[in-house]
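Colleague: sequence and predicted structure are below.
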Amino acid sequence: MSKNFKIILITGIILGSSVYLMFRNELRAGIEFAKIPFIAQREVSPSRKAVEVAPWAKINLEKVFSGFEEPLYLVEAKDDSGNIYVIEKGGKIISINNGTKTTILDISDRVRDRESERGLLSVAFHPDFKNNGRYFVYYTNSRGAVIVSEFNSATGNQNEKALLKISQPYSNHNGGQLAFGPDGYLYIGTGDGGAGGDPLDNGQNKLSLLGKILRIDVDTGNPYSVPPDNPFVNKSGEDEIWAYGLRNPWRFSFDTKTGDLYNADVGQNEWEEINFQPASSKGGENYGWRILEGFHTFKNDNNTNINSLTMPVMEYNHSEGCSVSGGYVYRGENFKQLDGTYFFGDFCTGNIWGLRNRNGEWEYAKFLTTDHLISSFGQNQAGNVYVIDFKTGDIYLITQG
């Protein structure tokens, strides 16, 4: 298969205007729920489900930045510059250094952000950004397609190099995460294409790039190449696929110490979930959507063996929230009690949880209940973790309580 600029076309039925149900009035990032018939769910036997415990530390949120418009993401380039970069949904990337804000990219003229889950969704800086100036963005274009493109700090808005274009059959579940792994490859999180209940079954379709985590090599090929050890190279399935069976992996991240991958997948009717992939993985995990939602059956059309799926390590139901925003593993120097704690939250309720593995057993705790619309988390080069409030445009640092 040619690895030149790829266009994935997907068609589907048009659902009636009543299909979408917004749970809140605000424009929201990473979530849009759809009305679907109620499906009775049965819990499957979990192999490593996290248990709830008391918080193992106290935390506070300290406001450190403000004045952003619908911020969705925060990242450092790990170039020792001290610059922190914030993504705004409308199409801007803004750097902060010693309190000074500078817009380094403005592609609002080509970004579609009217719907709640569309816009400029994330950025990933090349591991050698300090020397080559390369960075990569994930956005939805004026026609609603998902675009992954490369830019360079030397040319700003000019000379966009498109790597992937993936058409979206519906407006929601656009995914949106980019991150370089410890292996130097670019990982890409795509949603299942939208509507409710994955009507096209993209999550389980290995011939679609939707509902997946993709893995590509941006240092060779034109515009990229596929790592030869990707799990579906020379097998049935798109070469770019690293893992599948996902609904809307809005945010995932790598533990900067261990290389393990934490993936938060937004749920459908009842359950939000956290998935875990150890650094030793060779890829190819099937995380179960739409067969499962969390640890619960959803729609197993083909009688798939549940034991063949990779279960999440933690779930919470919609009494606790309605859309999970994945975060980061804390690796800062100032708060040793939190070392190894994966922080994540919920967009609708503002709850913030911590998850960790102790002696092979997973446990989680609710650390804070806030009134923030948590669109995302962020992490700086020192391993500290930030919380982003979509509504107010404020950004907070997790500090010791």
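Modeller: Sure, I can see it.

Colleague: what count of nearby residues applies to S208?
Modeller: 22 (other Cβ atoms under 10 Å). C-beta here means a position set from N, CA and C on the backbone, and glycine is covered the same way.

Colleague: repeat for the one 10 residues further on
Modeller: If you count neighbours by other Cβ under 10 Å, V218 ends up with 20.

Colleague: enumerate every residue touching it.
Modeller: By Cβ atoms under 8 Å, 6 or more residues apart in numbering, the residues touching V218 are H126, R134, F136, E150, L163, Y185, L186, Y224.

Colleague: for it, report the pLDDT, please.
Modeller: We have a pLDDT of 98 for V218.

Colleague: likewise for S208?
Modeller: At S208, pLDDT is 98.

Colleague: next one: phi and psi at it?
Modeller: phi -120, psi 150 (degrees, to the nearest 10).

Colleague: the spatially closest residue to L261 that is not a sequence neighbour and G99: what is the separation?
Modeller: By the measure of Cβ to Cβ, 6 or more residues apart in numbering, the closest residue to L261 outside its immediate chain neighbours is Q277, 4.1 Å from it. Distance of Q277 to G99, computed by Cβ to Cβ, to the nearest Å: 37 Å.

Colleague: same question, Y330
Modeller: Counting by Cβ to Cβ - Y330 and G99 are separated by 24 Å.

Colleague: helices of the stretch 201-350 of the chain, start to end?
Modeller: Using DSSP state H, counting those that start in this stretch, no helices are found in the stretch 201-350 of the chain.

Colleague: mind checking which of Y330 and G99 has more residues around it?
Modeller: Y330 (26 against 7).

Colleague: where do the strands sit along the stretch 151-300 of the chain?
Modeller: Per DSSP state E, counting those that start in this stretch, the stretch 151-300 of the chain has strands spanning 161-166, 177-180, 186-189, 212-216, 241-244, 251-254, 261-265, 271-277, 292-293, 296-297. These are given in chain order.

Colleague: what helices or strands is the second one leaning on?
Modeller: In this structure, strand 177-180 packs against strand 120-125, strand 134-140, strand 186-189, strand 251-254, with contacts taken as 3 or more Cβ pairs under 8 Å, 6 or more residues apart in numbering; DSSP states H and E.

Colleague: would you mind putting these into a markdown table with mean neighbour count, distance to F232 and mean pLDDT alongside?
Modeller: As requested, these are exported to a markdown table (neighbours: other Cβ atoms under 10 Å; distance: least, Cβ to Cβ, whole Å; pLDDT from 0 to 100):
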| stretch | mean neighbour count | distance to F232 | mean pLDDT |
| --- | --- | --- | --- |
| strand 120-125 | 25 | 22 | 98 |
| strand 134-140 | 23 | 22 | 97 |
| strand 186-189 | 26 | 15 | 98 |
| strand 251-254 | 25 | 19 | 98 |
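
Colleague: before I go, just wanted to say thanks for your time.
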